[in-house]
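[1] Take this sequence and fold it.
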Amino acid sequence: MNRRIHPDDLGQSPYKEVIQTLTYQWVQATLPADELVYADYVRSVSTLLLTTQSPERTTTIVQAVLRQAIDLRKTAAWVDEELKFEGMLEGADRADFLLFELHQAGSPDDAQLDRYNERIKRFATRSE
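    Model prediction:
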């Protein structure tokens, strides 16, 4: 059985390259940015990769959404929303997303750590 992709894995091969390639393709699509910046694109692609747990599936989704955005003359914000939508359809591991959110905070403060603990415990099962 393959190991799950975790937030810390995103900066390493092969995931780093997948994220960079897909982000570059998004930038090259030259869609109106709607206040989005490169870091937003990286975040969206990274989140989708954590959701799908598959570089191949992530690539398929991003490229399909980008093709549609170009064909329909949509914006980068539209792409961002559609990637979130596609990610919701794929399903996700709750713990991975909570950890990713904490990871994105950089140096989380006490309030962020408290929120993480509350959310991680929300659906925890008791093994007592």
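
[2] Spit out the contact partners of the residue positioned nearest the centre of the chain.
    Centrality entry for the chain: nearest residue to the mean C-alpha point is residue 47, 0.9 Å, by CA atoms, centre = their mean. Going by CB atoms under 8 Å, 6 or more residues apart in numbering, residue 47 touches 83, 84, 87, 97, 100. The C-beta positions use only the backbone N, C-alpha and C, and glycine is treated the same way.

[3] Now, of those, which are buried?
    Buried by 16 or more other CB atoms under 10 Å: 83, 87, 97, 100, out of the contacts of residue 47.

[4] list the buried ones in the host helix or strand of the first one?
    Of the helices and strands defined by DSSP states H and E, residue 83 is found in helix 76-90. The neighbour-count check on helix 76-90 (16+ other CB under 10 Å) flags 76, 78, 79, 80, 82, 83, 86, 87 as buried.

[5] May I see these organised as TSV, with distance to residue 106 and pLDDT added?
    As requested, the buried residues of helix 76-90 are arranged in TSV below (distance: CB to CB, whole Å; pLDDT from 0 to 100):
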residue	distance to residue 106	pLDDT
76	24	95
78	28	92
79	25	94
80	21	95
82	27	91
83	23	93
86	27	87
87	22	87
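
[6] Give me the neighbour count for residue 10.
    Counted by other CB atoms under 10 Å, the residues lying close to residue 10 total 19.

[7] Checking it next. Helix, strand or coil?
    Residue 10 falls in the helix class when you classify it by DSSP: H, G, I helix; E, B strand; the rest coil.

[8] ok, now which ones touch the closest residue to it other than its chain neighbours?
    Excluding its sequence neighbours, the residue lying closest to residue 10 (CB to CB, 6 or more residues apart in numbering) is residue 46, at 5.3 Å. If a contact means CB under 8 Å, 6+ apart, then residue 46 has 7, 10, 19, 100 as its contacts.

[9] how near is residue 46 to residue 15?
    In this structure, residue 46 and residue 15 are separated by 8 Å, where distance is defined by CB to CB, to the nearest Å.

[10] Please name every helix or strand in contact with the one helix or strand in the chain whose mean pLDDT sits lowest.
    Of the helices and strands making up the chain, the lowest-confidence element is helix 94-104, at a mean of 78, by mean pLDDT, DSSP states H and E. Based on contacts counted as 3 or more CB pairs under 8 Å, 6 or more residues apart in numbering; DSSP states H and E, the elements that helix 94-104 packs against are helix 38-52, helix 110-122.

[11] Many thanks, have a good one.
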